[in-house]
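Undergrad: Sequence and computational prediction follow.
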Amino acid sequence: MAGEKFDFIIIGGGTSGCALASQLADTPSRPSVLLIESGTTNSSPSLRTPESRWTTCLTEPDLNWNDVINAQPQLHNRILPCFRGKGLGGSSAINFSNWIVGSREDFDDLAERVGDNTWRWDGKGGVKERLRRVERLHLRKDIEVGSVDEFRVLDGLSLKRHSKEGKVDMSFGDPAIPKWAEILFDAAREQGVKINGDINSGDPTGWGLCPSTYHNGSRVTAATAYLSSPPANLTILASTSVSRVLFRSDSGTKRAIGVQTSEGQDFRAAKEVILSAGAINSPKLLLLSGIGPRDLLEDFGIEVVSEVPGVGKNLKDHPMATITLLFKTTSADLVPAERATNPEYDVGTPMPSAYVSPPAILASKEFSNLPTKTQQHLRKVPLAEYGANNLPMTIPPDSVPAEAKIITIFTALQNTQSPSSVKLASSDPAEAPKIDLRILEHEYDRRVAIEGMRSLLKFVKSPALGDKVEKMLEGPKSESDEDILEHWRATAIPFFHFGGTCRMGRDGGDEEVVVDHEFKVRGVEGLRVVDLSVVPVLGCGHTSAMAYLLGELASEKIAREYGL
């Protein structure tokens, strides 16, 4: 097989890569496509059971890259985990399976930044329309007609907005609203907080429920959704790592012509090489292939193919910190902690989630110090996310008594401003890159962390919730800036929503743009990047939906260019 030529070579069988490979191979002209994945085929049904939904990233090392994030100065120099999916399906095989698309304003802002109206929420060929080709939402009949009181929080959810015809199965599970979650919605109603019947409508603000990518008791991954029956013109090569992209000079222009694996095998591309290795490995592969900041490449003795200073910069995430509430034993409606992984209970149970913009953030000096254009956008979108489950997330499970009833609620930062990066540690492809999130380094991020957590602490004191709480097992000592910030420093972790390291942007003017709106890498031909690394700003929402959208949109653009 080594030396074989394909029309397209895709590096990385993650969420975007699976969608791209499938859709590209399925075009009428049936081009030959090679999909190369470092991990396994990840085909065992035992890896997609509901009882492992919240723990797969911890318990399946073969499905995880197991990298670490550099010591974080603002977090007491803690070295943090860097969970990323490895194997077909990528992070869709190990994430929490929550489907939260995000805000229409974030998508419209993306369209403006990159100069491409296909990223606008509304309009022909826009995001809302494209999502209908991805989503296959399964609803019980009583949810659709709104006749059952249990589902009253889902009022406003309509299949007119969502699809039953897409590739990715998702559902609200049974029960759609766990009894413990009802307490949160009661607290929201009590405080006059908006109840959002459909947080995937383009407006995620308020408390609502997100569907999960589970169906018929099994996790749905990008591989199960897109590659369950691959066509003959799609070749999948698993357990194979790519060490670099190969180039030739065409009249002074470098063109990608193939890839070399870690075992020294070469594969050739007649049309294009496409990186879909994710926000950490795509910039790493570009750098190893000679595309990136000149000084960094020369430091490692790597020949410069194209000087693109932005490669590896602009790393984004949604860092989070949690509080854990221990409920009084009289709270009979809650589920005991040890039953939270009961398959009969947790088949697709949705996560209660809220997107909020505490007024104190917008009134702060840290907000006023941001560039005017950034301020204008942030006034339109949620600034923090809350999410809840009844598992201990950042405290040892054995610290919770077996019969205890708990709720853990996280606060996650949206639209972070701290300058973060991915860099090479050496020129050895086998060595993990240096990943530096710089969590809380920017003063604005610290203010969002403080005010987001303070607002949450006030929320949990509402009678509907507070009267049922015995004590807080984990959380800030007080509501002061200092105590809240110390809680973040001591406990904050990444959300593993990585993006931004091969930033997409308009042609000309900004030297840190890595790819154009067609996903093409600057300074070379025949090379694209199609994954979350191209997203210039990580807005609100969870990233799996965006990853699918990237694969779908790129396949359309490539098919149109080549008349496939």
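TA: Everything's here; your move. Residues are numbered from 1 along each chain as shown.
Undergrad: rest of the way, CA atoms for contacts and neighbours
TA: Noted.
Undergrad: could you show me where the strands are in the stretch 101-250 of the chain, in order?
TA: 135-138, 168-171, 206-210, 214-215, 218-219, 234-237, 242-250 (DSSP state E, counting those that start in this stretch).
Undergrad: What is the longest one packed up against?
TA: In this structure, strand 242-250 makes packing contacts with strand 253-261, helix 278-288, judged by 3 or more Cα pairs under 8 Å, 6 or more residues apart in numbering; DSSP states H and E.
Undergrad: Check the average confidence over the last one, would you?
TA: The one in question is helix 278-288. Throughout helix 278-288, pLDDT has a mean value of 98.
Undergrad: Give me the contacts around that helix.
TA: 12, 14, 243-245, 275-276, 292, 297, 302, 311-312, 315, 422-424, 427, 429, 433, 435, 498-502, 529, 531-534 (Cα atoms under 8 Å, 6 or more residues apart in numbering).
Undergrad: Same question for the shortest one.
TA: Identification of contacts with strand 253-261 by Cα under 8 Å, 6+ apart yields 9, 240-249, 266-273, 305, 523-527.
Undergrad: Over to stretch 369-388?
TA: Residues contacting stretch 369-388 (Cα under 8 Å, 6+ apart): 103, 105-106, 109, 181, 204-205, 351-358, 362, 367-368, 407-415, 444, 448, 452, 456, 540.
Undergrad: Can you point out the buried residues in that stretch?
TA: 378, 381, 382, 383, 384, 385, 386, 387, 388 (16 or more other Cα atoms under 10 Å).
Undergrad: Narrow those residues to those in helices?
TA: residue 378 (DSSP state H).
Undergrad: With distance to residue 212 and pLDDT added, can I get the buried residues of stretch 369-388 in TSV?
TA: Below are the buried residues of stretch 369-388 laid out as TSV (distance: Cα to Cα, whole Å; pLDDT from 0 to 100):
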residue	distance to residue 212	pLDDT
378	27	97
381	23	97
382	21	96
383	23	97
384	20	97
385	17	97
386	16	97
387	14	93
388	14	90
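Undergrad: So which of the buried residues of stretch 369-388 belong to strands?
TA: 384, 385, 386, 387, 388 (DSSP state E).
Undergrad: returning to what we had before: with distance to residue 128 added, can I get the buried residues of stretch 369-388 in JSON lines?
TA: Below are the buried residues of stretch 369-388 laid out as JSON lines (distance: Cα to Cα, whole Å):
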{"residue": "378", "distance to residue 128": "21"}
{"residue": "381", "distance to residue 128": "17"}
{"residue": "382", "distance to residue 128": "19"}
{"residue": "383", "distance to residue 128": "22"}
{"residue": "384", "distance to residue 128": "23"}
{"residue": "385", "distance to residue 128": "22"}
{"residue": "386", "distance to residue 128": "24"}
{"residue": "387", "distance to residue 128": "24"}
{"residue": "388", "distance to residue 128": "27"}
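Undergrad: Distance check, residue 466 against residue 99.
TA: 29 Å (Cα to Cα, to the nearest Å).
Undergrad: So for those two, which residue has more residues nearby?
TA: residue 99 (23 against 17; other Cα atoms under 10 Å).
Undergrad: which residues sit in contact with the more buried one?
TA: Applying Cα under 8 Å, 6+ apart, the residues near residue 99 are 210, 211, 212, 213, 542, 544, 545.
Undergrad: Any figure for the gap between the closest residue to the second one other than its chain neighbours and residue 278?
TA: By that I understand residue 211. Sequence neighbours aside, residue 172 is the residue nearest to residue 211 in space, at 4.7 Å (criterion: Cα to Cα, 6 or more residues apart in numbering). Noted for residue 172: a distance of 28 Å to residue 278, by Cα to Cα.
Undergrad: Could you do residue 487 as well?
TA: 30 Å.
Undergrad: quick one, which of the two is more surrounded?
TA: More crowded of residue 487 and residue 278, by other Cα under 10 Å: residue 278, with 32 against 22.
Undergrad: Tell me where the protein is predicted with low confidence.
TA: Scanning the chain for pLDDT under 70 picks out 1-2, 46-59, 140-159, 174-176, 329-349, 397-398, 402.
Undergrad: Send me the helix or strand encompassing residue 411 as CSV with only the CA atoms.
TA: If you go by DSSP states H and E, residue 411 is part of strand 406-413. C-alpha atoms of strand 406-413 as CSV (Å, rounded to 0.1, in the frame of the first residue of the first chain):
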residue,chain,number,x,y,z
ILE,A,406,-25.0,15.8,45.4
ILE,A,407,-25.1,18.2,42.5
THR,A,408,-22.0,19.5,40.9
ILE,A,409,-22.3,22.8,38.9
PHE,A,410,-19.5,24.2,36.8
THR,A,411,-18.7,27.7,35.6
ALA,A,412,-17.0,27.8,32.3
LEU,A,413,-15.4,30.9,30.7
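Undergrad: Which helix or strand lies directly C-terminal to it?
TA: Next in line after strand 406-413, if elements are assigned by DSSP H and E, sits strand 421-423.
Undergrad: roughly how far is that next one from the heart of the chain?
TA: From the chain centre to the centre of strand 421-423 is a distance of 18 Å (Cα atoms, centre = their mean, to the nearest Å).
Undergrad: Not counting it itself, show me its contacts.
TA: 280, 283-284, 312-315, 433-437, 501.
Undergrad: Repeat that for stretch 316-324.
TA: Residues contacting stretch 316-324 (Cα under 8 Å, 6+ apart): 392-394, 406-416, 420, 437, 439, 472-476, 487-488, 491-501, 537-538.
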